[in-house]
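*Asks:* no FASTA, just this:
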């Protein structure tokens, strides 16, 4: 006489269902999007492949790596990157001549 | 500060606190010089630049450190190791910072220590084709934003996010930074709110939805508030944040002192340190842009400037201030280490004299006139080398404070949720809260000002208004109840004064049709004013919802009824002023107290109006004009100073209670206390016996007139 299949499958299914329920919020998290695998590149555009050792002693370059698909130059015009650097002018503020831009780079 | 100094700012012995570069994600000025060339490439081509006075290259080994390219992972990689980024930048590993802090590799060695860093990638993260797999987040997780913003904004506003202690209702609902501050263009500029202090990129102000826009449109499921218990003028004059951010629970900075040449932060007084778990309430300020009252934190800095020949007050660099301090620090006795807290004229003179000496020969300036700015005052040395103190009207004395927008409380914790007394009571912070104006005042102790003064309410006006909330509102019902009790007691004890319900031949006209209509209009308008006034007096939302669609409609109804009442009162004045003039026989009426007391049917002389009615007439005429005058002013209260508003609203409320009490007594006397009197205001006629009994002198005049005719 074989073993009762309910006794075999029951506890395992309970564990599976409870486990899925606990993990569901993170599984359904809409904000985390899986990014396609990324090819790291050095700052002069060479491929980094730690598995083959190719340029594996070099730090990766965001400009070359991310910039391959995303418009790095356009994105980095934003305030968080420039922080006023692109707007620095000697006569930016005549009442406060030490203020050269409306960002953190160019203030005292 | 040079761009290189900006990138590596921080303490190498304790590379934990972010300098400038750590909070800068890279790119821009950390990648390219002012000519748009990469620092590392240009310095390799022109190594002599490092020895030049070119600020972009002066003593800046970009060729060894590399540049700080924009690090996408700072924002988009959950779990990014921000502390490691701080360390890498302080240790001048610029081009290795992203590789190390993202956790994809181990970086050993520091440029700052003369080494060439080595890289060891974590192979487990890589696929067989050599590509790396990372779980990136499109909108940046809030935790990544707060790498920088919790640190910097905590000082300015006490703002934190994802914080059980310093909660925000939006955060509790699962919202993140990027839900409001989303990317508004291809340049990754983020939607920005409305900033009081002009700090950065004012052109981006108001690019995000404000409270009203989200909550009126139901954006992202935002609930639409009814605000039924809130006076419409409060919604016009107060920013949403004023009521909805009543308290913050992390200590912001109260101010800072740079006297030693090092920035010393002072946390909110009573807190152990900036960011500590500490309850404090905002300061309130009127924003110039919209005139509304906003919650702010007004940092109180000590600033040193030099007034140059062009009249401009130039801020002194920390190192310039530090040189002056070095000369005097041994002369400052009884001071805590690193906290000189200069406040006496002698101490201030010592420091300014030292600066005048150390600044000599400073090529930045054509004249040396150092100043010390603190607590809204400027201290300077005059020609006799004496300290002169004046109100600080330079740029250092400006400022509305950093506005507070985050850490919004749930609606049930907002100001007003427990009624008007949340702000208009003896203990309320809105007017009576003590706000620090100087961390170390003339006696070395903090100086304070009442919160209400900062929003334009003089203390005396506040105390007048407080009377309304503290005494009038709670006790008015019981006062009126005692009045009714007294009237009932009079009715049961003294009984009605005669009875005349029967029509009789030859009745005489007491009130004309115009007079009766005037009385009717006044009466109806008064009832409506009482109903709406009661709703306002007690903020009675149940009655409000029963009769009106919104608080605004109740207010408008009150205005219209008030204007009609005022107009009818003027007409009544014209009708009855002549009859209300006092005559000699009124003395007897008053002496016998109108025959209302004693239980006997006493004959009292009276004209068309008896002495009591005359008193009532003049009292209500005065009250009508007073209520009308203050009421009309209150229609325009949004254009009036707060002090005047406090005053007139209290006068209006106080005399409204007296008016209602007078009318209750009048209604009693005009109905059940004198049966038949009411008829005079319906058909205008009274019986001759009634007239003879109640208005003997007037009846004589009528009889004489009839005889002549």
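*Replies:* It's in. What you see is a predicted model, and the numbers here were worked out from it, not measured in a lab. Residues are numbered from 1 along each chain as shown, chains lettered A, B, ... in the order given.
*Asks:* C-alpha only now, for contacts and for neighbours.
*Replies:* Will do.
*Asks:* ranges for the strands of chain A?
*Replies:* Assigned by DSSP state E, chain A shows strands spanning A:32-34.
*Asks:* low pLDDT regions in the stretch 551-700 of chain B?
*Replies:* Residue ranges of the stretch 551-700 of chain B with pLDDT under 70: B:599.
*Asks:* in it, which residue sits nearest chain A?
*Replies:* For the stretch 551-700 of chain B and chain A, the shortest gap (C-alpha to the nearest C-alpha) falls at residue B:641, measuring 31.7 Å.
*Asks:* and that residue, what are its phi and psi?
*Replies:* Backbone torsions of residue B:641, given as degrees, to the nearest 10, read phi -60, psi 150.
*Asks:* how close does it sit to residue B:454?
*Replies:* Distance of residue B:641 to residue B:454, given as C-alpha to C-alpha, to the nearest Å: 13 Å.
*Asks:* distance of residue B:368 from residue B:177?
*Replies:* Counting by C-alpha to C-alpha - residue B:368 and residue B:177 are separated by 47 Å.
*Asks:* contacts only, for the closest residue to chain A within the stretch 451-600 of chain B.
*Replies:* Closest to chain A within the stretch 451-600 of chain B is residue B:454: 26.9 Å, counting by C-alpha to the nearest C-alpha. Contacts of residue B:454 were listed using C-alpha atoms under 8 Å, 6 or more residues apart in numbering or on different chains, and they are B:284-285.
*Asks:* let me see the backbone angles for it.
*Replies:* phi -70, psi -20.
*Asks:* what about residue 104, neighbour count?
*Replies:* In the absence of a named chain, this looks at chain A. Residues lying near residue A:104 (other C-alpha atoms under 10 Å in any protein chain shown) number 20.
*Asks:* not what I meant, chain B
*Replies:* Neighbours of residue B:104 (other C-alpha under 10 Å): 21.
*Asks:* list the contacts for it?
*Replies:* Residue B:104 neighbours (C-alpha under 8 Å, 6+ apart): B:121-122, B:125.
*Asks:* dump the residues you listed to JSON lines, plus secondary structure.
*Replies:* Formatted as JSON lines, those follow (DSSP: H, G, I helix; E, B strand; the rest coil):
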{"residue": "B:121", "secondary structure": "strand"}
{"residue": "B:122", "secondary structure": "coil"}
{"residue": "B:125", "secondary structure": "helix"}
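*Asks:* ok, the residue of the stretch 551-700 of chain B closest to chain A - contacts?
*Replies:* With C-alpha under 8 Å, 6+ apart, residue B:641 has these contacts: B:456-457.
*Asks:* longest helix in chain B, please.
*Replies:* Once chain B is assigned using DSSP state H, the helix that runs over the most residues is helix B:642-670.
*Asks:* tell me how far the nearest residue to residue B:273 once chain neighbours are set aside lies from chain A.
*Replies:* In this structure, residue B:273 finds its nearest non-sequential neighbour in residue B:267, 5.2 Å apart by C-alpha to C-alpha, 6 or more residues apart in numbering or on different chains. Distance, residue B:267 to chain A, by C-alpha to the nearest C-alpha, to the nearest Å: 23 Å.
*Asks:* same check on residue B:341?
*Replies:* 23 Å.
*Asks:* and residue B:375, by the same measure?
*Replies:* 21 Å.
*Asks:* could I get the average pLDDT for the longest helix belonging to chain A?
*Replies:* Among the segments of chain A that qualify as a helix by DSSP H, the longest is helix A:5-27. Taken as a whole, helix A:5-27 has a mean pLDDT of 72.
*Asks:* next one: it, is it in contact with chain B?
*Replies:* No. Using C-alpha under 8 Å from any C-alpha of the partner chain, helix A:5-27 stays clear of chain B, coming no nearer than 12.4 Å.
*Asks:* surely residue B:551 touches residue B:231?
*Replies:* Yes. Counting by C-alpha atoms under 8 Å, residue B:231 is a contact partner of residue B:551 at 6.5 Å.
*Asks:* more neighbours: these two, which one.
*Replies:* When neighbours are counted by other C-alpha under 10 Å, residue B:551 and residue B:231 differ, and residue B:551 comes out ahead with 24 against 17.
*Asks:* in the stretch 101-250 of chain B, which residue sits closest to chain A?
*Replies:* Using C-alpha to the nearest C-alpha, the single residue of the stretch 101-250 of chain B nearest to chain A is residue B:187, 4.1 Å away.
*Asks:* report the contact partners of the closest residue to that residue other than its chain neighbours.
*Replies:* Excluding the flanking residues, the one nearest residue B:187 by C-alpha to C-alpha, 6+ apart is residue A:75, at 4.1 Å. Residue A:75 sits next to B:186-188 when contact means C-alpha under 8 Å, 6+ apart.
*Asks:* tell me the buried residues within those.
*Replies:* Buried by 16 or more other C-alpha atoms under 10 Å in any protein chain shown: B:187-188, out of those.
*Asks:* closest to residue B:399 among the contacts of residue A:75?
*Replies:* residue B:188 (29.4 Å; C-alpha to C-alpha).
*Asks:* pull the contacting residues for that closest one.
*Replies:* Applying C-alpha under 8 Å, 6+ apart, the residues near residue B:188 are A:75-80.
*Asks:* domains in chain B, by residue range?
*Replies:* What the record gives for chain B is the domain set B:3-125, B:142-298+B:400-459, B:300-397, B:506-708, from automatic domain parsing.
*Asks:* quick check: which of those domains is buried the most?
*Replies:* Of all these, domain B:3-125 carries the top mean neighbour count, a mean of 20, counting by mean count of other C-alpha atoms under 10 Å in any protein chain shown.
*Asks:* now residue B:35: how far from residue B:258?
*Replies:* For residue B:35, the distance to residue B:258 - C-alpha to C-alpha - is 34 Å.
*Asks:* helix, strand, or coil at residue B:20?
*Replies:* Look at residue B:20: counting by three-state DSSP, its state is coil.
*Asks:* that one reaches residue B:6, doesn't it?
*Replies:* Yes. Between residue B:20 and residue B:6 there is a contact at 5.4 Å, judged by C-alpha under 8 Å.
*Asks:* SS state for residue B:601?
*Replies:* Put simply, residue B:601 is coil when judged by three-state DSSP.
*Asks:* list the contacts for the residue lying closest to it once chain neighbours are set aside?
*Replies:* Closest residue in space to residue B:601, ignoring its immediate chain neighbours: residue B:595 at 6.8 Å, by C-alpha to C-alpha, 6+ apart. The contact partners of residue B:595, taken as C-alpha under 8 Å, 6+ apart, are B:589, B:601-604.
*Asks:* tell me the one of these nearest residue B:657?
*Replies:* Nearest to residue B:657 among these is residue B:589, at 27.1 Å by C-alpha to C-alpha.
*Asks:* if I pick that closest one, what's in contact with it?
*Replies:* Residues near residue B:589 by C-alpha under 8 Å, 6+ apart: B:595, B:604-606, B:610-611.
*Asks:* now do the end-to-end distance for stretch B:7-24.
*Replies:* 8 Å.
*Asks:* I misspoke; the intended subject was stretch B:580-594.
*Replies:* Termini of stretch B:580-594 sit 16 Å apart (C-alpha to C-alpha).
*Asks:* next: stretch B:194-202.
*Replies:* In stretch B:194-202, first residue to last residue: 9 Å (C-alpha to C-alpha).
*Asks:* and that stretch, does that touch chain A?
*Replies:* Yes. Applying C-alpha under 8 Å from any C-alpha, one finds stretch B:194-202 touching chain A at B:199-202.
*Asks:* what do you get for stretch B:120-137?
*Replies:* Yes. Residues of stretch B:120-137 are located near chain A by C-alpha under 8 Å from any C-alpha, namely B:120-123, B:126, B:128-137.
*Asks:* just for chain A, where's the confidence low?
*Replies:* Looking at chain A by pLDDT under 70, you get A:1-3, A:23-33, A:108.
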